[in-house]
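*Asks:* attaching a predicted model along with its sequence, questions to come.
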Amino acid sequence: MKQIPEGDTHERDVCAQCGYIAYDNPKIVAGSVVAHEGKVLLCRRAIEPRAGFWTLPAGFLEAHEQPEEGARREALEEAMARITLEGLIGIYTVRHISQVQMFFRARFEGPPDFSAGHETLETRLFAWEEIPWTEIAFPSVVWTLQTWRAGEDGMRDIERFSVSI
């Protein structure tokens, strides 16, 4: 049943028999802008949501996984790419779907080596002017690419990354 547990401030699902409290917390997404010679790696999604649209390699963290580990794992799963992270671009809060998304600057570990993983139709390096903006899967991909392009440290203005869409 729904109730506010003693000492809490939010209504929660609480088991009437044993008192177990089920917390509904945000999902954490980690991803990266993998750049090579001014081009960025994008993946065309093979799965919903937004199948057929382009995105950055990114996905939900696994339990007990650090965001950096998750970003590297997602690049390997979605683009078969081994990457090195170079710093945090930004953290985006997407309230209406209860997600916190973290994106990192990255490069390939060696020469560019990538291909479509099982959740991806195709992968490709895009120059800025080639990015298919009308086919980008999620607003956070646009925000991240814009911050990457500007060469900004996204954490300078943390307020601009708390969005409600």
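*Replies:* Perfect, thanks for sending it.
*Asks:* per-residue pLDDT, Asp157?
*Replies:* Asp157 is assigned a predicted lDDT (pLDDT) of 47.
*Asks:* repeat that for Gly151.
*Replies:* Taking Gly151 on its own, its pLDDT is 87.
*Asks:* same deal with Trp148?
*Replies:* At Trp148, the model reports a pLDDT of 95.
*Asks:* please tell me how far it sits from Arg82.
*Replies:* 20 Å (Cβ to Cβ, to the nearest Å). Heads up, the C-betas are built off the backbone N, CA and C, glycines and all.
*Asks:* and the two? which has more neighbours close in?
*Replies:* Of the pair Trp148 and Arg82, Trp148 is the one with more neighbours under other Cβ atoms under 10 Å, namely 21 against 13.
*Asks:* so Arg50 sits in a helix?
*Replies:* No: assignment of Arg50 by DSSP: H, G, I helix; E, B strand; the rest coil gives coil, placing it outside any helix.
*Asks:* wasn't Arg73 part of a helix?
*Replies:* Yes: under three-state DSSP, Arg73 sits within a helix.
*Asks:* report the contact partners of it.
*Replies:* Residues near Arg73 by Cβ atoms under 8 Å, 6 or more residues apart in numbering: Glu62, Glu65.
*Asks:* how confident was the prediction at it?
*Replies:* 98.
*Asks:* just the strands in this structure please.
*Replies:* Secondary structure of the chain by DSSP state E: the strands cover 2-3, 12-14, 21-22, 27-36, 39-45, 54-55, 58-60, 83-94, 99-108, 120-126, 162-163.
*Asks:* now these as JSON lines including mean pLDDT?
*Replies:* Below are these laid out as JSON lines (pLDDT from 0 to 100):
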{"stretch": "strand 2-3", "mean pLDDT": "94"}
{"stretch": "strand 12-14", "mean pLDDT": "95"}
{"stretch": "strand 21-22", "mean pLDDT": "94"}
{"stretch": "strand 27-36", "mean pLDDT": "98"}
{"stretch": "strand 39-45", "mean pLDDT": "98"}
{"stretch": "strand 54-55", "mean pLDDT": "98"}
{"stretch": "strand 58-60", "mean pLDDT": "98"}
{"stretch": "strand 83-94", "mean pLDDT": "95"}
{"stretch": "strand 99-108", "mean pLDDT": "97"}
{"stretch": "strand 120-126", "mean pLDDT": "98"}
{"stretch": "strand 162-163", "mean pLDDT": "48"}
